[in-house]
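>>> 3D, please:
(chains A, B, C and D)
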2 protein chains.
Amino acid sequence: MATQRRRNGKANPAEDEAVYQAILHALLEGKLKAGTKLAEPPLADIFGVSRERIRKVLHRLGAERRLEMIPNRGARVPRPTLDDVRSVYEAHRVLEAGVLTQLVRHVDDALIEKLTAHLTEERAAATRGDRAASVRLSGAFHVHLVEALGNAELSRFLADLLSRSSVMVSVYEPATDSICAVDEHGAIVEALRARDVARAIAVSREHFLHVESRLHLDDAVPASEDLTAVFGAVKPKRRKGR
Amino acid sequence: MATQRRRNGKANPAEDEAVYQAILHALLEGKLKAGTKLAEPPLADIFGVSRERIRKVLHRLGAERRLEMIPNRGARVPRPTLDDVRSVYEAHRVLEAGVLTQLVRHVDDALIEKLTAHLTEERAAATRGDRAASVRLSGAFHVHLVEALGNAELSRFLADLLSRSSVMVSVYEPATDSICAVDEHGAIVEALRARDVARAIAVSREHFLHVESRLHLDDAVPASEDLTAVFGAVKPKRRKGR
DNA sequence: GTTTATAAAAATGTGCACATTTGGCATGGC
DNA sequence: GCCATGCCAAATGTGCACATTTTTATAAAC
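Numbering: from 1, shown residues only, chains lettered A, B, ... in the order given. Below is the predicted model:
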């Protein structure tokens, strides 16, 4: 039975990954607000694993720059400055310019068809007012663009940027009425179909500046505190009073 | 006296970093050949620190994708395939295309002057036949380009790519007579001065393809084994027989 | 009432002992 | 002679106890 607790110094490789995924998921989902302290003892208690296990995961997330590790002071969810956000958006913009430049050399009907299908999905979500789907699909569009190049390095870099901005939206007005305009995505596809690099880049640039302009600093940071509530919802794992 | 060994469970924050830097340096310098196994006990012995210390550093390097970590089987220097190398070069190419696109919007005399000065340095190194300096300056040129944008995310990504390719050159013919043509760098600067994006990108692209074409797979991988020799040369730290 | 100093409590960092797993090697069978 | 099997040594993974540092709470002084 898998629910059985390991006895002593028994190996359980899947447990590391489970904890890692749980925290990462909460981070990407925006459940962990910026500035939240992630202490080891409570987490060990919540997940029902040893403190060393938690410790390892936390340091790994720190190495990936998803958590801010301060020596002797533990892990915190980073609180990005407005400059940080701009930096990420600019990087995304610059990267996509390069991607589009390379992409026009390889456009074929299959790619255009795939992107068009995606646009259809996006429009459908927009017309039926599905916020969540719209946001998700909007990000997926840019992922499709990089993945069309089939380059693992570039895909990973974009994933990095997206994960970072997902943390940021929880601080800098995540969702107003700004459903990342589908028409702008459509214009990019159009430019690609015409093999017009300059226009594709120009449209993409405008698109990003458009999204970026909607950001505004929100001083009153929530900074969630009840970790049990956050992870309890994600993983209903039983905890022990020790 | 700093050479004193810590007594028991004493904190020594600088030691982690020292070991990390030593291994990273050896990796970037190409002293650690691809496929080399990095076992914990020998390293702990060489650096004179506890095994846990080594362990932490190794896992950190693994999280940064600089080492290949296999569960229960330790750490190895990754042995990149030819596709991996092409992927890195392509990513660098694509990234620089984006950088150049963004850069032409911000070119000023100061930047041109700075790059020109760098070219002078490169030519000087080339004419006096200084291989090491040439290679180093050649890479630095591309670093200068990204850093001109002042974007931390992009700079870090480039650093990532460069560190990865530095490991690769030890497998795929690191240095023949291919001193990354200075003239091609000069052509990029020229195009920048003229605000000609298309030409800058085209030249850059040709430049990378040129470098990439020099690669060839070398099956007879050396796979260095004597860790004491590798790190003994870098860090003459005394080791203890335990 | 605000601030500073001190002590207690909690949290982080580290070495160590031991469990588990892997790799090599010898022995035996075909 | 070659391959399979079991044993032994070495390496990796993990919990635990304890040292160190940080944080909080309390009290004293201005």
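
>>> got the residues of chain A near chain B?
A:13, A:56, A:59-60, A:63-64, A:71, A:87-88, A:90-91, A:93-99, A:101-102, A:149, A:151-154, A:157, A:161, A:201 (C-beta under 8 Å from any C-beta of the partner chain). In short, each C-beta sits where N, CA and C put it, glycine included.

>>> and residue A:213, what does it touch?
By C-beta atoms under 8 Å, 6 or more residues apart in numbering or on different chains, residue A:213 lies in contact with nothing.

>>> Contact partners for the residue in chain A that chain B sits nearest to?
Closest approach of chain A to chain B (C-beta to the nearest C-beta) occurs at residue A:98, with a separation of 3.0 Å. Contacts were defined as C-beta under 8 Å, 6+ apart; by that measure residue A:98 touches B:94, B:95, B:96, B:97, B:98, B:99, B:101.

>>> Can you add pLDDT and secondary structure and give the residues you listed back as JSON lines?
As requested, the contacts of residue A:98 are exported to JSON lines (pLDDT from 0 to 100; DSSP: H, G, I helix; E, B strand; the rest coil):
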{"residue": "B:94", "pLDDT": "97", "secondary structure": "helix"}
{"residue": "B:95", "pLDDT": "98", "secondary structure": "helix"}
{"residue": "B:96", "pLDDT": "97", "secondary structure": "helix"}
{"residue": "B:97", "pLDDT": "97", "secondary structure": "helix"}
{"residue": "B:98", "pLDDT": "98", "secondary structure": "helix"}
{"residue": "B:99", "pLDDT": "98", "secondary structure": "helix"}
{"residue": "B:101", "pLDDT": "97", "secondary structure": "helix"}
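
>>> ok, those vs residue A:48, which is closest?
Distance to residue A:48, by C-beta to C-beta, is smallest for residue B:95 among the contacts of residue A:98, at 43.3 Å.

>>> Give the burial count for the closest one, as a bare number.
For residue B:95, the count of nearby residues is 26 (other C-beta atoms under 10 Å in any protein chain shown).

>>> how close does it sit to residue B:142?
As for residue B:95, its distance to residue B:142 is 9 Å (criterion: C-beta to C-beta, to the nearest Å).

>>> Quickly list what's touching both of the two.
residue B:158.

>>> quick check: domain ranges of chain A?
Structural domains of chain A, as assigned by automatic domain parsing, span the residue ranges A:13-79+A:221-234, A:82-213.

>>> Quick one, which of those gets closest to residue B:190.
Nearest to residue B:190 among the domains of chain A is domain A:82-213; the distance by C-beta to C-beta comes to 19.4 Å.

>>> just how off-centre is that closest one within its chain?
14 Å (C-alpha atoms, centre = their mean, to the nearest Å).

>>> End to end on that domain, go ahead and measure it.
Between the start and the finish of domain A:82-213 there is a gap of 12 Å, counting by C-alpha to C-alpha, to the nearest Å.

>>> which stretches of chain A have low pLDDT?
Within chain A, the segments meeting pLDDT under 70 span A:1-13, A:169-180, A:217-225, A:233-242.

>>> Which stretches in it count as strands?
Ranges of strands within chain A are A:37-38, A:68-70, A:74-76, based on DSSP state E.

>>> winner for burial among those strands?
Mean neighbour count, computed with mean count of other C-beta atoms under 10 Å in any protein chain shown, is highest for strand A:74-76 among those, reaching a mean of 19.

>>> Which neighbours in the sheet does that strand have, and how are they oriented?
Take DSSP bridges as the rule and strand A:74-76 pairs in its sheet with strand A:37-38 (antiparallel), strand A:68-70 (antiparallel).

>>> Name the surrounding residues that touch the shortest one.
Under the criterion C-beta under 8 Å, 6+ apart, residues A:23, A:32, A:58, A:67, A:74, A:75, A:76, A:77, A:227 lie in contact with strand A:37-38.

>>> chain center to that strand: distance?
Once both centres are worked out by C-alpha atoms, centre = their mean, strand A:37-38 turns out to sit 19 Å from its chain's centre.

>>> Run the contact check for it versus DNA strand D.
No - using C-beta under 7 Å from any atom of the strand, we find that strand A:37-38 stays clear of DNA strand D, coming within 8.8 Å at best.

>>> which ones are touching the spatially most central residue of chain A?
Centroid-nearest residue in chain A: residue A:163, 2.5 Å away (criterion: C-alpha atoms, centre = their mean). Under the criterion of C-beta under 8 Å, 6+ apart, the neighbours of residue A:163 are A:27, A:28, A:66.

>>> and the gap between it and DNA strand C?
In this view, residue A:163 and DNA strand C are 23 Å apart by C-beta to the nearest atom of the strand, to the nearest Å.

>>> Hmm, residue A:162 is touching residue A:139, no?
Yes - under the criterion of C-beta atoms under 8 Å, residue A:162 makes contact with residue A:139 at 5.9 Å.

>>> Compare the contacts of residue A:163 and tell me which is most surrounded.
That'd be residue A:27 among the contacts of residue A:163, by other C-beta under 10 Å, with 21 neighbours.

>>> any chance of the contacts of residue A:163 in JSON lines, plus distance to residue A:209?
As requested, the contacts of residue A:163 are exported to JSON lines (distance: C-beta to C-beta, whole Å):
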{"residue": "A:27", "distance to residue A:209": "27"}
{"residue": "A:28", "distance to residue A:209": "25"}
{"residue": "A:66", "distance to residue A:209": "27"}
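
>>> quick one: which of those is nearest to residue B:114?
Distance to residue B:114 across these (C-beta to C-beta) is lowest for residue A:66, with 34.4 Å.

>>> unless I'm mixing things up, the closest one is touching residue A:32, no?
No - using C-beta under 8 Å, residue A:66 is not in contact with residue A:32, being 10.1 Å away.

>>> got a list of what residue A:102 touches?
Applying C-beta under 8 Å, 6+ apart, the residues near residue A:102 are A:149, B:90, B:93, B:94, B:97.

>>> Quick check: it vs DNA strand C, distance?
Here the distance between residue A:102 and DNA strand C works out to 40 Å (C-beta to the nearest atom of the strand).

>>> the helices in chain A, which residues?
A:13-28, A:40-47, A:51-63, A:82-103, A:109-127, A:131-147, A:152-168, A:182-193, A:197-213, A:227-234 (DSSP state H).

>>> Buried residues of the first one, list them for me.
Within helix A:13-28, the residues that qualify as buried by neighbour count (16 or more other C-beta atoms under 10 Å in any protein chain shown) are A:15, A:16, A:18, A:19, A:20, A:22, A:23, A:24, A:26, A:27.

>>> Surely the fourth one touches residue A:53?
Spelled out, it's residue A:19. Yes - judged on C-beta under 8 Å, residue A:19 makes contact with residue A:53 at a distance of 6.4 Å.

>>> Give the residues shared as contacts by these two.
residue A:47.

>>> quick revisit: ok, which of the helices of chain A comes nearest residue B:44?
With C-beta to C-beta as the measure, helix A:51-63 is the member of these nearest residue B:44 (18.5 Å).

>>> Next, the angle from the closest one to helix B:51-63.
Relative orientation of helix A:51-63 with respect to helix B:51-63: 40 degrees, computed using axes from the mean of the first three to the mean of the last three C-alpha atoms, to 10 degrees.
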